[in-house]
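# pasted the sequence and its predicted model underneath.
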Amino acid sequence: MGFPGTWMTESGSVAYRVIPKCACSTIGQIMYYSDHGRFFDGDIHDAKEGLHKWSQDSSQEPISTAVRSGEVFTFTCVRNPYTRILSAFFDKIAGIQRNGNRYRGNLVPMLVRKYGIDVDDDFDQIASFRRFLLFARDTIRFRKPMDPDIHWSAMSSHASTLIANGGRYDLIFPTEDFRTGMQAVLDRIETPHAVDLGSIPRFNESEGHGPKRAFPVEDYFDDLSNHLMFEIYKRDFRLFKYDKEPNANPPKKEIDPEEVAKILGG
């Protein structure tokens, strides 16, 4: 399998396992800047040069060598499961993508037909989100009516591929404390260009794709929604130390990469 979803600077200063909906656009741009002294002009996910990506054939050998040897500082970033699934809904289901179309073409019409989701005009955000959550559970638990999408599949599933194939994380930090976590990465690596996090913008590529969330996080989750969340993201809550009650809070404890390696590699 190798290291899907892994990016590495061309200088070999740092490797990062992408977890969708967890500040990956900003992290990718910081990595790009640290090598080139400038940001990539566009969505960093579209970059075909300036950054090693596992999806590029020419990048696979250098990523494999660096990550398996343990010589490159390797990290990832996680997010509160409640805010992450809400972000996936408002961006990928309720939103219009950069190409002017709905995400994955016929996905939303299928959700309207099979799950009764409504994302047109001034729709009922809470009701439609809860129906989407049922669909997300079906994709993750039963792989029906489709395989789970990377934007709502469990963070632990993304993170586990690097460990299963011989890599280890030096640091795992939460988006809720992004500045501190990213600074900890920069403090432990040497880069061709210095990065001043205070002057780095947030590259939220999904911003503006969909409607704004109209209510606090906890309003979207009733008893059934809470049950579904823990059913499908139980390992995320436990492994990354998030409270299983609906909120937008950071982890209750520091995330231990050794514990993550032991559990995901077992």
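Here it is on my side, so go on.

# please make it C-alpha for all contacts and neighbour counts, starting now.
OK.

# where does this structure have low pLDDT?
Scanning the chain with the threshold set as pLDDT under 70 gives 205-209.

# mind listing the helices for it?
Assigned by DSSP state H, the helices in the chain fall at 24-36, 57-69, 81-88, 107-115, 125-142, 155-164, 178-187, 223-239, 257-264.

# so which of those helices gets nearest Lys48?
Shortest separation from Lys48 across those is recorded for helix 57-69, at 10.5 Å, computed as CA to CA.

# quick one: contacts of the closest one?
Residues from elsewhere that reach helix 57-69, judged by CA atoms under 8 Å, 6 or more residues apart in numbering: 2-3, 6-8, 12, 15, 52-54, 72, 74, 165-168.

# check the burial of Pro20 by counting its neighbours.
The number of residues packed near Pro20 is 22, by other CA atoms under 10 Å.

# Pro251 is nearest to which of the helices of the chain?
The stretch from those with the least distance to Pro251 (CA to CA) is helix 223-239; that distance is 8.8 Å.

# mind giving me TSV with the helices of the chain and columns for distance to Ala248 and mean neighbour count?
Formatted as TSV, the helices of the chain follow (distance: least, CA to CA, whole Å; neighbours: other CA atoms under 10 Å):
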stretch	distance to Ala248	mean neighbour count
helix 24-36	18	22
helix 57-69	32	16
helix 81-88	6	21
helix 107-115	26	15
helix 125-142	16	19
helix 155-164	16	21
helix 178-187	14	16
helix 223-239	13	17
helix 257-264	22	16
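
# between those helices, which gets nearest to Asn204?
Taking CA to CA, helix 24-36 is the member of these nearest to Asn204, at 6.4 Å.

# about what we covered before: among the contacts of helix 57-69, which one lies nearest to Thr26?
Taking CA to CA as the measure, Trp7 is the one of the contacts of helix 57-69 closest to Thr26, at 13.0 Å.

# I figured the closest one hits Ala15, correct?
Yes. Between Trp7 and Ala15 a contact is recorded at 5.7 Å, counting by CA atoms under 8 Å.

# and Ile8, how close does it get to Asn106?
Check again: residue 8 is Met, not Ile. Remark: distance between Met8 and Asn106 (CA to CA, to the nearest Å) = 34 Å.

# neighbour-wise, which of these two wins?
When Met8 and Asn106 are compared for neighbours, Met8 comes out ahead with 27 against 10, by other CA under 10 Å.

# quick one, what contacts that one?
Contacts here follow CA under 8 Å, 6+ apart; on that basis Met8 touches Val14, Ala15, Tyr16, Met31, Leu51, His52, Lys53, Ile63.

# and the nearest residue to the fourth one once chain neighbours are set aside, how many residues sit next to it?
Distance criterion CA to CA, 6 or more residues apart in numbering; nearest residue to Met31, sequence neighbours excluded, is Thr9 at 6.1 Å. Using other CA under 10 Å, Thr9 has 24 neighbouring residues.

# what do you get for Ile150?
The local packing of Ile150 (other CA under 10 Å) involves 14 other residues.

# for Asp222, see how far away the nearest residue to it once chain neighbours are set aside is.
Once flanking residues are discounted, Ile150 sits nearest to Pro20: 6.6 Å by CA to CA, 6+ apart. Counting by CA to CA, the separation of Pro20 from Asp222 is 25 Å.

# with Phe142 instead?
From Phe142 over to Asp222 (counting by CA to CA), the distance is 22 Å.

# among the contacts of helix 57-69, which ones are buried?
2-3, 6-8, 12, 15, 52-54, 72, 74, 167-168 (16 or more other CA atoms under 10 Å).

# any idea how far stretch 143-150 is from the chain center?
17 Å (CA atoms, centre = their mean, to the nearest Å).

# what's the single longest strand in the protein?
Determined from DSSP state E, the single longest strand within the chain is strand 73-78.

# got the angle for that strand vs helix 57-69?
100 degrees (axes from the mean of the first three to the mean of the last three CA atoms, to 10 degrees).
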